[in-house]
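Here is the input, now give the coordinates:
(2 chains)
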Number of protein chains: 2
Amino acid sequence: MSERTEIASLGEFGLIEHLTKNIELQNASSIVGVGDDGAVIDHFGKQTVISTDLLIENVHFDLIYTPLKHLGYKSVIVNLSDIYAMNATPSQITLSLGISNRFSVEALDEFYEGVYAACERYGVDLVGGDTTSSQKGFIISVTAIGEVSPDKYVKRSTAKKGDLLCVSGTLGAAYIGLLFLEREKKIYLESPAVQPDLEEESYVIGKLLKPEARKDIIEFFDQQNIMPTSMMDISDGLSSEILHICKDSGLGCVIYEEKIPIAEEMKNAAYKFKIDPTACALSGGEDYELLFTLSQNDYDKITLNEGISVIGYMTDEAAGTTIITKNGNKHPITAQGWNHLK
Amino acid sequence: MSERTEIASLGEFGLIEHLTKNIELQNASSIVGVGDDGAVIDHFGKQTVISTDLLIENVHFDLIYTPLKHLGYKSVIVNLSDIYAMNATPSQITLSLGISNRFSVEALDEFYEGVYAACERYGVDLVGGDTTSSQKGFIISVTAIGEVSPDKYVKRSTAKKGDLLCVSGTLGAAYIGLLFLEREKKIYLESPAVQPDLEEESYVIGKLLKPEARKDIIEFFDQQNIMPTSMMDISDGLSSEILHICKDSGLGCVIYEEKIPIAEEMKNAAYKFKIDPTACALSGGEDYELLFTLSQNDYDKITLNEGISVIGYMTDEAAGTTIITKNGNKHPITAQGWNHLK
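As a prediction, this is how the structure comes out:
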């Protein structure tokens, strides 16, 4: 970067003004935006959905290999994904940042470029937040606000026995992307002169650094008049999320390894690490795909959408949670999702 | 504390379940609470107000002299104060925490005790959040959600020339409380055997550690059919907030030093530090009182409430922002509020 403007030179209020001066509210529901004690939202008879996430440097992201623009984009996406997972449409976000003085105004501008790119793509307004200093590390807190017609929201706890268990997209790539970047970081720290060669892995690295939220799936449900019986987004890994839906719904399930959607690029990348692609898909995390259950009556409708895979079905709780491997073996599903607290 | 349960022994989901298992939703508007991708809220035709704050250890609070229960309480209060400052009624909060492994489950229980005490007192529901690890320091992010009848919300930017400028309660005590605690901390770090003697200062220390939000003032407005013409809460100091209202409304103002409400206990405490009580009231911060403007027609109504002081009036922008001292001298109002970014 050629320029470096110190944050202190703008002051807290000057900084907020600088970062938010170009906001144009897109949604009729955004009545009052940034610049007051609170934002005012009117969903005009619809229900309001709220979700929030806290992202902490060196716990959730590593600035050595995460471009700030991508980080801004992803910070928004992970929250929008939660709103879609309620079968709702995101309409606003608030963004709070804790920043240390090693950040320049230009660095924050980059971060906000990503934030605004995500807002524009998904049609949401940034309506508030808080900017403060942090003694150490970059801290990001996003709250996403969405709307849903009364009783159209979809919880985790309402799957029914016999329902189809489905996922959107493909799984496991973000985790392999992380392994590549962690390996390159290690090499770089040992020998800074070595240039990383990640071009071949742009697919999996892209899945990690610049995920998208499945707006299209929610729109597809709406067009096809499909109401999932339960839904959540896949952030901690497929196994972990399947167990949530089973536990919260008081059911068991059977899934088939061969039905788990895996991209060719991810498979090739996993083999370079001598890792089983299925294990990545089950336990990797950070996919931001949707996991949902559907009445069998809706089966014909979802075959219209190539981005949806049926991976199994819901059973009685007593039947447990089972994965049937490609060889026909049965194993219990276990959660090995990311657990930041361990 | 006699017991210490490691957070890792519960795991992330076990911890969240432990901390939230006793929640009983109080508001009809809380449709779906903790435990899903998002919370669902229905304000039944009212507008939704959102405010958010990020609190970082050693920037916003010092655990050496802040009991965790008080910190939990205050984390909620500072956000509710923003909702009241929009002339709205808070109904829900979300709470995200970043915690290091030096915290035990018992310590978090204490923090949540304070959170739940504030929720109960102000009638709000905890409906969601995020719990994650932090490498260093305790990080608290609260989003408060409230409701307001359409067009009853009050912004900062809508004061009118000739309006009365008013504040609730008394100002400056929290700042003096902070000075006492910082002094005792220094003494303690130098000679740990010395017992702090803070009993005489319980008023100012209480104002810092356990503030309240002015629910009663908003209820008074509603009962008396008063619509403030502009409003905000006082978190950065009276001067700073007055300048916000003036700038955002495109006006100037005159205030009178003798009208600024100061408690006797605060005055006595300030003299011990050889500090001018008025300076504390103007620049102290963390008061969480309300600053608002009113049409002169409402003057008779507010004399009914001893908790409200008229401190001045709004003028043309060209007249500037002026404080008239007890001696009759005129000075421009300058913001010396807390600026965490400097």
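
helix/strand/coil for the residue nearest to residue A:224 when sequence neighbours are not counted?
With Cβ to Cβ, 6 or more residues apart in numbering or on different chains as the criterion, residue A:224 has its nearest non-adjacent residue at 4.8 Å, and that residue is residue A:301. To be clear about C-beta, it is placed using only N, CA and C from the backbone, and glycine gets the same treatment. Reduced to three states with DSSP: H, G, I helix; E, B strand; the rest coil, the structure at residue A:301 is helix.

Which is the succeeding secondary structure element to the helix or strand hosting residue A:280?
In the assignment (DSSP states H and E), residue A:280 maps to helix A:277-283. Past helix A:277-283, further along toward the C-terminus, the next helix or strand under DSSP H and E is strand A:289-294.

Can you list the strands that that next one pairs with?
Next to strand A:289-294 in the sheet, as set by DSSP bridges, lie strand A:164-168 (antiparallel), strand A:230-234 (antiparallel).

mean confidence for that strand?
Strand A:289-294 carries an average pLDDT of 98.

again with stretch A:322-329
If you average the pLDDT over stretch A:322-329, you get 95.

Over to stretch A:235-242?
The model assigns stretch A:235-242 a mean pLDDT of 95.

Run the chain-centre distance for it.
Mean C-alpha position of stretch A:235-242 versus that of the full chain (Cα atoms, centre = their mean, to the nearest Å) differs by 12 Å.

same check, this time on stretch A:16-26
Relative to its chain's centre, stretch A:16-26 lies at 25 Å (Cα atoms, centre = their mean).

Name the nearest residue to residue A:175, sequence neighbours excluded.
What sits nearest to residue A:175 in space, not counting adjacent residues and going by Cβ to Cβ, 6+ apart, is residue A:284, at 2.9 Å.

wait, that neighbour sits on residue A:237?
Yes. In this structure, residue A:284 is within contact of residue A:237 by Cβ atoms under 8 Å, at 5.6 Å.

more neighbours, those two?
Neighbour count, other Cβ atoms under 10 Å in any protein chain shown: between residue A:284 and residue A:237, residue A:284 has more, with 31 against 25.

Who are the contact partners of that one?
Taking Cβ atoms under 8 Å, 6 or more residues apart in numbering or on different chains, we find residue A:284 in contact with A:171, A:172, A:173, A:174, A:175, A:176, A:237.

from those, which is closest to residue B:93?
Closest approach to residue B:93 among those (Cβ to Cβ): residue A:237, at 28.9 Å.

rewinding a little: what comes up buried for the helix holding residue A:280?
Residues of helix A:277-283 classed as buried under the neighbour-count rule (16 or more other Cβ atoms under 10 Å in any protein chain shown) are A:277, A:278, A:280, A:281, A:282, A:283.

Distance check, the second one against chain B.
Here the distance between residue A:278 and chain B works out to 23 Å (Cβ to the nearest Cβ, to the nearest Å).

which residues does the closest residue to that residue other than its chain neighbours contact?
Closest residue in space to residue A:278, ignoring its immediate chain neighbours: residue A:257 at 5.5 Å, by Cβ to Cβ, 6+ apart. By Cβ under 8 Å, 6+ apart, the contact set of residue A:257 is A:278, A:323, A:324, A:325, A:326.

10 Å - rerun?
The contact partners of residue A:257, by Cβ atoms under 10 Å, 6 or more residues apart in numbering or on different chains, come to A:276, A:278, A:281-282, A:311-312, A:323-329, A:331.

okay if I get these as CSV plus distance to residue A:270 and secondary structure?
Output for the contacts of residue A:257, formatted as CSV (distance: Cβ to Cβ, whole Å; DSSP: H, G, I helix; E, B strand; the rest coil):
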residue, distance to residue A:270, secondary structure
A:276, 7, coil
A:278, 9, helix
A:281, 9, helix
A:282, 12, helix
A:311, 18, strand
A:312, 22, strand
A:323, 18, strand
A:324, 21, strand
A:325, 16, coil
A:326, 15, coil
A:327, 19, coil
A:328, 22, coil
A:329, 20, coil
A:331, 19, strand
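
of these, buried ones?
Among the contacts of residue A:257, those buried by neighbour count (16+ other Cβ under 10 Å) are A:278, A:281, A:282, A:311, A:312, A:323, A:324.

from the residues you listed, which single one is nearest chain B?
Closest approach between the buried ones among the contacts of residue A:257 and chain B, by Cβ to the nearest Cβ: residue A:282, at 17.3 Å.

Just the pLDDT at the residue nearest to residue A:175, thanks.
90.

And it, how far from residue A:274?
Applying Cβ to Cβ, to the nearest Å, one obtains 15 Å for the distance of residue A:284 from residue A:274.

Residue A:216 now?
According to Cβ to Cβ, residue A:216 and residue A:274 sit 34 Å apart.

Which residue of those two possesses the greater neighbour count?
Ranked by neighbour count (other Cβ under 10 Å), residue A:216 and residue A:274 place residue A:216 first, with 14 against 6.

would you say the more buried one is within a strand?
No. Assigned with three-state DSSP, residue A:216 falls outside any strand and is helix.

and the residue in the stretch 101-250 of chain A positioned nearest to chain B, what element?
Residue of the stretch 101-250 of chain A nearest chain B, by Cβ to the nearest Cβ: residue A:141 (3.9 Å). Taking DSSP H and E as the definition, one finds residue A:141 inside strand A:139-148.
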